[in-house]
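Enquirer: sequence plus the predicted model coming up.
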Amino acid sequence: MNALTFENISVYRGKRQVLSIPHLEIAVGERLALLGPNGSGKSTLLLVGALLLDSAEGSMTLFDQPISKGKLKILQRRNFATVLQEPALLDMTVERNIDTVLKIHRISHLERQNRIQDWLSRLGIQHLAKAMPHQLSGGEAQRVAIARAFSTQPRILFLDEPFSSLDPRTRAELSGDLRGLLDSEAVTTLLVTHDLNESALFSDRVAIMDDGKIAAIGSLNQIDRCPSTPAVSDFLGHTLIEHNEIPEFFLKTFSFPDSSECISVNPEGIKIVAGSTESTSVNSATIHSIQALNGSARLILNFEGILLVSKIPLEDLTNYEIGSIVNFIIDPNSITFFGQNKTLAH
Amino acid sequence: MNLLLEAVQEAWSLISSGDREIFDITFRTLLFAGTSTIISLIIGLPLGIGLALMHFPGRSWLVSLSNAGTGMPPVVAGLVVSILLWRSGPLGSLGLIYSPLAIIIAQVVIATPLIIAITVAAVMSLNPIIHLQIRAMGANQIQYIFLIAREARLPLLVAVMAGFGAVVSEVGASLMVGGNLSGETRVLTTAAVLEVSKGRFGTALAYGLILIFFVIIIAAILTSLQQRSQRK
């Protein structure tokens, strides 16, 4: 059984199509993360799924039932809970915020009291029950928003970049707690995020969106190993090289499909080695810059005018200096060949 | 200078002695202004919330109209209501001209655009995320409007105060449609005008001081509300 299905969904902003989903299924209990750059259509898809934005074309089903209209649609919306980027708490105490949503869901007074106590306790914010939203820190406010969402016992949870406005420490704590709640409640989840680590923590599958379309869907590892389009490669932080810019070494070492227009190189496949360049498979490059990203480090290598990215352990960061020369090898499996925006070979 | 001092002394003496006529006029002023403010709220709040939340052709024209209405001179409102209620006018058969109801109607015409305009601005100034979150919570239309109005309650209170302030201090419309009849349609502003025309500055000043007292009370409440919202 599917929790949600989308068929030929289109959304327009003015005359511009901002979302085009020919088919998407989210199974009951599944956690799907929507990844992609700004403006790729992630949040639009989430809003359509949460019945907060009407699509111009297409149809959806909710637990295999078609989506209704008018008042019945509002009742169907009560199967969901949504946590937005901003906590969006109402101007009332924390406990009244939760009480209000439970009243909307027509929960009895006694049950409301039980759920408020339960969820405030599970999110570790019982002491904030009487606090007003302006008295809360960003992390506390987002905890209230999560407690409010879970208190309704949603069948589908929509999370739209819920941690993006939090500092790294609060983000780590809250994401760990949320992961625990998702495991214990086994709720179907659709998460929008920019963060690859977050998507790995929260999802069974990821969908990478580009220009309003799903460019790739599957496990993050699978997509990272074999990206389906240059845009997906680019989003995952792979090095994209146009055909006319491919270094001589690549052309000699790897066999290119005739119609390949560009290649991508996975940073995991570029290994820094101590060996000399006498071996034909070893090359040297200058360190152009050093980055720390998502808990790991990346060396940006200048190789014959092309900037290649190599992923290294964070603890090795101090071993390298900008401007120094390093030797590297490339795993052939880390190269993907694209022609006409499609994968040709891997 | 002597004239002013004498007027102040006389005004204070009238107020402190609990003069019956002053008490009656003050009570009538508050009754008319309070009633017209409540009616304006009943009309203006739903219209303002509707204008802020709904999207339909001509909406921006209506918002502009209500904004323009905030600057309508009370004399013009009085003139329009007078023409409508005049004995030979379209509603003349109702016999309302120079009655308390005529004053209330004129004051409703003055206060309603003000309340609509402030309500529209108040609701539209809410964070759009709040609108989205309330809908995401599964609220139906009535719950949605109620929660939005609750979120905008501080600026909506400003609308109430502004509406009351506008009608309690206007003179032109009340004079035109009420006729300043003693014991019936005489309010603080029209009474003050009459007393000045008779040269009884002390009595006029007493009315003026009571009006100023109400204006200060309204300003104090508004300031308190603004400071409360700034603390958030």
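Expert: Received, thanks. Source: prediction; values computed, not measured.

Enquirer: name the next helix or strand downstream of the biggest helix by length in chain B, please.
Expert: If you go by DSSP state H, chain B has its longest helix at helix B:20-53. Moving toward the C-terminus from helix B:20-53, the next helix or strand (DSSP states H and E) is helix B:59-69.

Enquirer: what angle do that next one and helix B:20-53 make?
Expert: For helix B:59-69 against helix B:20-53, the angle by axes from the mean of the first three to the mean of the last three C-alpha atoms, to 10 degrees is 160 degrees.

Enquirer: would you mind writing the CA trace of helix B:59-69 as PDB?
Expert: What follows is helix B:59-69, C-alpha atoms only, in PDB (Å, rounded to 0.1, in the frame of the first residue of the first chain):
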ATOM      1  CA  ARG B  59      -9.700  43.100  -4.500                       C
ATOM      2  CA  SER B  60      -6.900  45.600  -4.700                       C
ATOM      3  CA  TRP B  61      -9.400  48.200  -5.800                       C
ATOM      4  CA  LEU B  62     -11.500  47.500  -2.700                       C
ATOM      5  CA  VAL B  63      -8.400  47.700  -0.500                       C
ATOM      6  CA  SER B  64      -7.500  51.100  -2.100                       C
ATOM      7  CA  LEU B  65     -11.100  52.200  -1.500                       C
ATOM      8  CA  SER B  66     -10.900  51.400   2.200                       C
ATOM      9  CA  ASN B  67      -7.500  53.000   2.500                       C
ATOM     10  CA  ALA B  68      -9.000  56.200   0.900                       C
ATOM     11  CA  GLY B  69     -11.900  56.000   3.300                       C
END
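
Enquirer: which ones are touching residue 100?
Expert: Answering for chain A, as no chain was given. A:Thr100 sits next to A:90, A:92, B:137, B:147 when contact means C-beta atoms under 8 Å, 6 or more residues apart in numbering or on different chains. The C-beta positions use only the backbone N, C-alpha and C, and glycine is treated the same way.

Enquirer: try chain B instead
Expert: Counting by C-beta under 8 Å, 6+ apart, B:Pro100 touches B:28, B:32, B:178, B:184-185.

Enquirer: tell me the residues of chain B that contact chain A?
Expert: Counting by C-beta under 8 Å from any C-beta of the partner chain, chain B comes close to chain A at B:127, B:129-130, B:132-140, B:143, B:147, B:150-151, B:231-232.

Enquirer: nearest residue to B:Pro74 other than its sequence neighbours?
Expert: Take B:Pro74 and drop its neighbours on the chain: the residue closest to it by C-beta to C-beta, 6 or more residues apart in numbering or on different chains is B:Glu170, 3.9 Å away.

Enquirer: residues contacting the one you found?
Expert: Counting by C-beta under 8 Å, 6+ apart, B:Glu170 touches B:74, B:107, B:110, B:189.

Enquirer: ranking these by neighbours, who comes first?
Expert: Using other C-beta atoms under 10 Å in any protein chain shown as the neighbour criterion, B:Gln107 leads the contacts of B:Glu170 with 32 neighbours.

Enquirer: on the three-state scheme, that residue is what?
Expert: Three-state call for B:Gln107 (DSSP: H, G, I helix; E, B strand; the rest coil): helix.

Enquirer: now the angle between helix B:59-69 and the strand or helix carrying B:Ala77, please.
Expert: Element membership for B:Ala77, per DSSP H and E: helix B:74-85. Calculated by the same axes, to 10 degrees, helix B:74-85 forms an angle of 110 degrees with helix B:59-69.

Enquirer: starting at the chain centroid, how far to helix B:74-85?
Expert: Computed by C-alpha atoms, centre = their mean, to the nearest Å, the chain-centroid distance of helix B:74-85 equals 16 Å.

Enquirer: tell me which other helices or strands that helix touches.
Expert: Using 3 or more C-beta pairs under 8 Å, 6 or more residues apart in numbering or on different chains; DSSP states H and E, the elements in contact with helix B:74-85 are helix B:100-124, helix B:172-178.

Enquirer: got JSON lines for those, with mean pLDDT too?
Expert: Formatted as JSON lines, those follow (pLDDT from 0 to 100):
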{"stretch": "helix B:100-124", "mean pLDDT": "94"}
{"stretch": "helix B:172-178", "mean pLDDT": "91"}
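
Enquirer: can you tell me which of these is nearest to B:Gly202?
Expert: helix B:172-178 (21.2 Å; C-beta to C-beta).

Enquirer: buried stuff in the helix or strand following that closest one?
Expert: Per DSSP H and E, the first helix or strand lying C-terminal to helix B:172-178 is helix B:188-197. Neighbour-count burial for helix B:188-197 flags B:188-195 (criterion: 16 or more other C-beta atoms under 10 Å in any protein chain shown).

Enquirer: from those, which single one is nearest B:Ser66?
Expert: The nearest member of these to B:Ser66, counting by C-beta to C-beta, is B:Thr189 at 24.7 Å.

Enquirer: which residues does that closest one contact?
Expert: Counting by C-beta under 8 Å, 6+ apart, B:Thr189 touches B:29, B:169-171, B:174-175, B:207, B:211.

Enquirer: tell me how far the ends of stretch A:181-194 are from each other?
Expert: Chord length of stretch A:181-194, first to last residue, is 21 Å (C-alpha to C-alpha, to the nearest Å).

Enquirer: now it: buried residues?
Expert: In stretch A:181-194, counting by 16+ other C-beta under 10 Å, buried: A:181-182, A:187-193.

Enquirer: who's in contact with that stretch?
Expert: Outside stretch A:181-194, the residues within contact range by C-beta under 8 Å, 6+ apart are A:3-4, A:26-38, A:42-43, A:46, A:49, A:122, A:146, A:150, A:154-162, A:164, A:198-199, A:202-203.
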